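[1] need a 3D model of the sequence below.
(2 chains)
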Amino acid sequence: MSTPDVLIVDDDRLLRTMLKDALADVPCTVREADSGDAALAAVAEKKPAVMLLDLIMPGKSGLDLLKTFSAQKLPMRIVVISSLDTESLVQQALSDGAHGFLSKPFHPLDVQNVVRAALEAAEAGS
Amino acid sequence: MTTQYWLADSEARVLGPVSIDVVRDLAMRGKLNDVRAVSRDGRQFVPLREVPEIQQALAPPQGDEVARAQYDATRQIREWLESVKERPTHEILRVPSTASKEAARAAFFNLVHRYLPSRLPPEATPELRLACEDAFMILAERMVEFEKRGRSTPPAVAPKAAQPLPNTSASVTWRGGMIHVKLSLSRGDARPFTMDPESNWKGDAIFVVSGEKVMVGTPAEVTLSFEGHVTQIHATGRVIGVTPSVGFGVKMLDLGEHQRSIIRTWVARSQA
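    Just a heads-up that it's a prediction; the model follows:
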């Protein structure tokens, strides 16, 4: 059985590296996208089990992507990772289709836990 | 239906669609400091001043309050830096002295986020920016030391002897018709950004000391690494000037504000 895909979508290279490092011990294949458009292309190429999604990006924003993917009803768990963790925006992200919200700055163990839980949920739902 | 807005910052990064209540909420928490353009459809953006309701929602606190907050933040970081000078690494990272590398690394990432210069708003004072840079570099140095030794140790006491001249290393290689310039900048050395009156940081350019024969217009890839930093700058550009037997200037064409900020801070530190 192949390992599940996790797609990191963030325009900040340092953040992508940190997230990737945090997932080193999680049995998954990590891919990266540095913009909303790159994320759309990556999902079209292969649908990930889990997506870690930044909200502010060049071109299409994270919320734009959430709406797009929600409309497509893809079997993909989306966890938003953002420093914009006000209650109103978290609520909006969740109602727009996010399955979880992780605040920046994050602890690597929190990333691992969130992704492990999302992978389990994705596997149970598939 | 509630009007939705898309907000773009100085690097054309977009947040949206969000309602004005969400914008107000984020602004009140100081989370939106760099909004430059606004859209009502996610496609056509206009300057912020043309959308008065958003401009008002983003209205910052009074200028003296902002300056005071930045002054306080700078002072706190400087005090913290002073307090950690003599302390062993594990105490700085707030982990047990027996902590594993993984635990120390996790604590490092958690702590270093607070000082990431890229998290600062564009209007941050140079003093605050430099303090964050210093904190970032101290943490990075200590973490590298921890990783090498595999345990926590007090900081080595630096000798007060005269500092050696910075030893920035450059390599220039050809790939097809393109040159690839790799510069590893030693701490305190900003010469590639400042030594040439034409090719310098103010114009997004560097001067590369090299005997390599290049021509004006030659495409270039540039990789800049900074001693003590984890972040590198990758840019593409062109040769804009050649001084025979000395070197050549390269203008970097795709630098973002974050990268300019790193360079600006590096130059400021070298001149401090």
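
[2] what ranges does chain A have for its strands?
    Assigned by DSSP state E, the strands in chain A fall at A:5-9, A:29-33, A:50-53, A:57-58, A:77-82, A:100-103.

[3] partners of the third one, with directions?
    By that I understand strand A:50-53. Counting by DSSP bridges, the strands paired with strand A:50-53 are strand A:5-9 (parallel), strand A:77-82 (parallel).

[4] which element is B:Phe146 on?
    Applying DSSP states H and E as the criterion places B:Phe146 in helix B:126-149.

[5] how far does the helix or strand just after that helix sit from the chain's center?
    Following helix B:126-149 in sequence order, the next helix or strand is strand B:169-175 (DSSP H and E). The chain centre lies 24 Å from the centre of strand B:169-175; the measure is CA atoms, centre = their mean, to the nearest Å.

[6] equivalent analysis for stretch B:224-235, please.
    9 Å.

[7] ends of that stretch, what's the gap?
    In stretch B:224-235, first residue to last residue: 9 Å (CA to CA, to the nearest Å).

[8] ok, now stretch B:9-27?
    14 Å.

[9] and B:Gln62, what pLDDT?
    pLDDT, B:Gln62: 59.

[10] on that earlier part again, the helix holding B:Phe146 near chain A at all?
    No: with CB under 8 Å from any CB of the partner chain as the criterion, chain A is not reached by helix B:126-149; the gap is at least 11.0 Å. For every residue, glycine as well, the C-beta is placed using N, CA and C.

[11] lowest-confidence stretch among the strands paired with strand A:50-53?
    strand A:77-82 - the lowest mean pLDDT of those, at a mean of 94.

[12] contacting residues around the closest residue to B:Glu198 other than its chain neighbours?
    The shortest distance from B:Glu198 to any non-neighbouring residue, by CB to CB, 6 or more residues apart in numbering or on different chains, is to B:Gly241 (5.4 Å). Contacts for B:Gly241 (CB atoms under 8 Å, 6 or more residues apart in numbering or on different chains) come out as B:Asp196, B:Glu198, B:Ser199, B:Val216, B:Phe248, B:Gly249.

[13] the spatially closest residue to the third one that is not a sequence neighbour pairs with what?
    Closest residue to B:Ser199 apart from its sequence neighbours, by CB to CB, 6+ apart: B:Gly249 at 2.4 Å. When bridges are taken as DSSP bridges, the partners of B:Gly249 come out as B:Phe207, B:Gly241.

[14] can you pick the most crowded of the contacts of B:Gly241?
    When the contacts of B:Gly241 are compared by neighbour count (other CB atoms under 10 Å in any protein chain shown), B:Phe248 ends up highest, at 27 neighbours.

[15] bridging across strands, which residues link to the residue most central in space within chain A?
    Taking CA atoms, centre = their mean, the centroid of chain A lies closest to A:Leu52, which sits 1.6 Å from it. Counting by DSSP bridges, A:Leu52 forms beta bridges with A:Ile8, A:Val79.

[16] for stretch B:240-255, the averaged confidence score.
    The average pLDDT for stretch B:240-255 rounds to 85.

[17] which residue packs closest to B:Gly228, ignoring adjacent ones?
    B:Met137 (4.3 Å).

[18] do you know how far the one you found is from B:Phe146?
    15 Å (CB to CB, to the nearest Å).

[19] looking at the two, which one has more neighbours?
    Counted by other CB under 10 Å, B:Met137 and B:Phe146 do not tie: B:Phe146 has more neighbours, with 23 against 17.

[20] any idea how far the residue in chain A that chain B sits nearest to is from B:Ala106?
    In chain A, the residue that lies nearest chain B is A:Pro105 (3.2 Å; CB to the nearest CB). Distance of A:Pro105 to B:Ala106, given as CB to CB: 12 Å.

[21] those two: who's more crowded?
    Set side by side, A:Pro105 and B:Ala106 show more neighbours around B:Ala106, with 22 against 16, by other CB under 10 Å.

[22] residues touching the more buried one, list them.
    Counting by CB under 8 Å, 6+ apart, B:Ala106 has contacts A:His107, A:Pro108, A:Leu109.

[23] which of those residues ranks first by neighbour count?
    Ranked by neighbour count (other CB under 10 Å), the contacts of B:Ala106 have A:Pro108 at the top, with 22 neighbours.

[24] got a list of what that residue touches?
    For A:Pro108, the contacting residues are A:Met18, A:Asp21, A:Ala22, B:Arg105, B:Ala106, B:Phe109, B:Asn110, by CB under 8 Å, 6+ apart.

[25] count the residues that sit near the first one.
    A:Met18 is surrounded by 22 other residues when neighbours are defined as other CB under 10 Å.

[26] equivalent analysis for the third one, please.
    Number of residues near A:Ala22 (other CB under 10 Å) recorded here: 24.

[27] which one of the strands paired with strand A:50-53 lies closest to B:Arg94?
    B:Arg94 lies closest to strand A:77-82 among those, at 23.1 Å (CB to CB).
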